[in-house]
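Student: Pasted the sequence and its predicted model underneath.
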2 protein chains.
Amino acid sequence: MPAALDATEKAEIVSRLFAAFRDHGYEGASLADLSRVTGLGKSSLYHHFPRGKEQMAEVVLEQGKAFIQSAVADVAHAPEPLKTRVDKIIAAFNALYAGGKNPCVLGRLSLSDAGPEARKLGQEIFAIWTEAVADLAAESGLSRVQARQFAEDWIARIQGALILSASTGNCGPFERAMKPLSDLAAGPASPVGRAASKRRHPPS
Amino acid sequence: MPAALDATEKAEIVSRLFAAFRDHGYEGASLADLSRVTGLGKSSLYHHFPRGKEQMAEVVLEQGKAFIQSAVADVAHAPEPLKTRVDKIIAAFNALYAGGKNPCVLGRLSLSDAGPEARKLGQEIFAIWTEAVADLAAESGLSRVQARQFAEDWIARIQGALILSASTGNCGPFERAMKPLSDLAAGPASPVGRAASKRRHPPS
DNA sequence: GTCTATAATAGGATAGAC
DNA sequence: GTCTATCCTATTATAGAC
């Protein structure tokens, strides 16, 4: 029974809420679930989050926003070689999504009915994510419009790959989805999709 | 008060359940919601679907499976020019997803906790969808392995684009996601992503 | 800050009349 | 086949002791 909840403990609680919403969605995660995973009674949860489940979802999205800011946006603009920054970002996503085995809490909460504040946060996160990746793409030589489309398409592909692997267990789409970003730092701009180099037979 | 529910009326009910699950997810669509959108009392719903909400989700997925079978798989193997088949499939998805404005009921129900039968149905639908698209890609000249990856990556990109547009309102990612399939029928195999043709400045 | 206990309501599901 | 009425449980949320 800790007298006060220090920053570390608070972060641990939010991290467990994060995993619960990620794995079960907003409507699918009940207060009983959230109580169990955090080890706190319902009343204690309400002590920390007076507005209840909705606020818990918002705090989880705040953590997601902080992740994108620090592990993507800040890294993208760091004074390091492009390849280094790109590799760091890919490593961060590989960890966050466990190589494709974890769903995306942002994708799930964005669709669910978690209230207007959560909605706004989701949009902000996608915006920060998109801008950061677009900056990398532009740096690698794409026009501003192309870079923005590259970013949107790359993020979309990741989100969809996580749905597929959650349903089918196949992480291949997620692994391949990392490649276009990786290719930004290596040679001519590659498209979001895998380069289709070899044809078995030419089109008639 | 119709004496019996003919096939048309049944299809109409399933169609409305489809829209409800698509827009609110499995956990997010309450029996009260489903009762309202179908115009049937709860008891009437249980008359048609004795196993309740879970069965309703399964029936909705059956409809999704039928859609993929008829509008994608059957079309893909029809005796028509490749371009014709591809255009028909794209038109079908444009209608299903309203140009990117509708979420994907398959993507939503696949993640939710709608029971083992629904899970299995989701996997089957993704499998049929993947095989059909892979056949088209192989026909256009890709190797079997490349064709399967093309299909997985294309489907992932669509699923993710629908999440993005649901959150941000931007349908651009969905519209661009259609292009790789369209390109299958026009010239050399294009990748899943947009071809990054022009560089503003060559990589150093 | 955490707990037990409890309210208040919504959710899924059923009974039985018509 | 549909309805009204009801049941039971889970869910969100609060009260108040410690």
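Tutor: Structure's in. What do you need? Only a predicted model underlies this, so the values are computations on that prediction, with no experimental measurement involved.
Student: pLDDT below threshold where in chain A?
Tutor: A:1-4, A:187-191, A:193-204 (pLDDT under 70).
Student: quick one: the strands in it?
Tutor: For chain A, applying DSSP state E gives no strands.
Student: What's the separation between the residue nearest the centre of it and residue B:54?
Tutor: By CA atoms, centre = their mean, the mean C-alpha position of chain A lies nearest to residue A:104, the distance being 5.7 Å. Residue A:104 is 25 Å from residue B:54, where distance means CB to CB, to the nearest Å. The C-beta positions use only the backbone N, C-alpha and C, and glycine is treated the same way.
Student: for DNA strand D, what are the nearby residues on chain A?
Tutor: A:29-32, A:42-43, A:46, A:50, A:52-54 (CB under 7 Å from any atom of the strand).
Student: Any buried residues in stretch A:51-70, and which?
Tutor: Neighbour-count burial for stretch A:51-70, with 16 or more other CB atoms under 10 Å in any protein chain shown as criterion, is recorded at A:53-61, A:63-65, A:67-69.
Student: Near residue A:79, how many residues? Count them for me, please.
Tutor: Using other CB atoms under 10 Å in any protein chain shown, residue A:79 is surrounded by 5 other residues.
Student: I should have written residue A:103 there, sorry.
Tutor: Counted with other CB under 10 Å, the neighbours of residue A:103 add up to 21.
Student: Quick check: phi and psi on it?
Tutor: Phi and psi for residue A:103, reported as degrees, to the nearest 10, are phi -70, psi 170.
Student: now do residue A:30
Tutor: According to degrees, to the nearest 10, residue A:30 has phi -90, psi 160.
Student: quick one on the thing from earlier: please produce TSV containing the residues of chain A next to DNA strand D, extended by distance to residue A:192.
Tutor: Shown next, in TSV, are those (distance: CB to CB, whole Å):
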residue	distance to residue A:192
A:29	32
A:30	38
A:31	40
A:32	41
A:42	44
A:43	48
A:46	44
A:50	43
A:52	39
A:53	36
A:54	35
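Student: Put together CSV for those, with distance to chain B on each row.
Tutor: Shown next, in CSV, are those (distance: CB to the nearest CB, whole Å):
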residue, distance to chain B
A:29, 9
A:30, 10
A:31, 14
A:32, 14
A:42, 19
A:43, 24
A:46, 22
A:50, 24
A:52, 17
A:53, 13
A:54, 14
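Student: so residue A:82 touches residue A:140, yeah?
Tutor: Yes: between residue A:82 and residue A:140 there is a contact under CB atoms under 8 Å: 6.7 Å.
Student: and the two? which has more neighbours close in?
Tutor: Taking other CB under 10 Å, residue A:82 and residue A:140 do not tie; residue A:140 has more neighbours (25 against 16).
Student: Quick check: closest non-adjacent residue to that one.
Tutor: Of all residues not flanking residue A:140 in the chain, residue A:184 sits nearest, at 4.3 Å (CB to CB, 6 or more residues apart in numbering or on different chains).
Student: same thing with residue A:65?
Tutor: In space, and not counting its chain neighbours, residue A:65 is closest to residue A:125: 4.9 Å by CB to CB, 6+ apart.
Student: For the one you found, list the residues it contacts.
Tutor: With contacts defined as CB atoms under 8 Å, 6 or more residues apart in numbering or on different chains, the neighbours of residue A:125 are A:61, A:64-65, A:68, A:106.
Student: farthest-separated two in the residues you listed?
Tutor: The largest separation in these, counting by CB to CB, is between A:61 and A:68 at 10.4 Å.
Student: Looking at the residues of chain A next to DNA strand D, spot the one nearest DNA strand C.
Tutor: Set against DNA strand C, the nearest of those by CB to the nearest atom of the strand is residue A:43 (2.5 Å).
Student: Run through the helices of chain A in chain order.
Tutor: Here chain A has its helices, by DSSP state H, at A:7-24, A:31-38, A:42-48, A:53-68, A:74-76, A:82-96, A:105-111, A:116-139, A:144-168, A:172-177, A:179-184.
Student: State which one residue of chain A is found closest to DNA strand D.
Tutor: For chain A and DNA strand D, the shortest gap (CB to the nearest atom of the strand) falls at residue A:52, measuring 2.6 Å.
Student: nearest spatial neighbour of that residue, skipping sequence neighbours?
Tutor: Setting aside the residues directly before and after it, residue A:52 is nearest to residue A:46 in space (CB to CB, 6+ apart), at 6.5 Å.
Student: Likewise for residue A:130?
Tutor: residue A:151 (4.6 Å).
Student: With residue A:167 instead?
Tutor: Once flanking residues are discounted, residue A:167 sits nearest to residue B:110: 4.0 Å by CB to CB, 6+ apart.
Student: That neighbour touches residue A:165, doesn't it?
Tutor: No: the criterion here is CB under 8 Å, and residue B:110 misses it with residue A:165 at 10.4 Å.
Student: From DNA strand C, how far out is the residue nearest to residue A:170 when sequence neighbours are not counted?
Tutor: Among residues not flanking residue A:170 along the chain, residue A:164 sits closest, at 6.6 Å (CB to CB, 6+ apart). Using CB to the nearest atom of the strand, to the nearest Å, residue A:164 is found at 26 Å from DNA strand C.
Student: what's the answer for residue A:12, then?
Tutor: 11 Å.
Student: Please apply the same query to residue A:113.
Tutor: 10 Å.
Student: Could you do residue A:76 as well?
Tutor: Here residue A:76 is placed at a distance of 35 Å from DNA strand C (CB to the nearest atom of the strand).
Student: Now for that residue: which residues touch it?
Tutor: Counting by CB under 8 Å, 6+ apart, residue A:76 touches A:85, A:89, A:132-133, A:135-136.
Student: Would you agree residue A:163 is in contact with residue B:103?
Tutor: No: Residue A:163 is not in contact with residue B:103 according to CB under 8 Å; the separation is 11.1 Å.
Student: Spit out the residues that contact those two alike.
Tutor: With CB under 8 Å, 6+ apart, residue A:163 and residue B:103 have common neighbours residue B:163.
Student: quick revisit: ok, now which ones touch the residue nearest to residue A:140?
Tutor: Contacts of residue A:184 (CB under 8 Å, 6+ apart): A:82, A:86, A:136-137, A:139-140, A:190.
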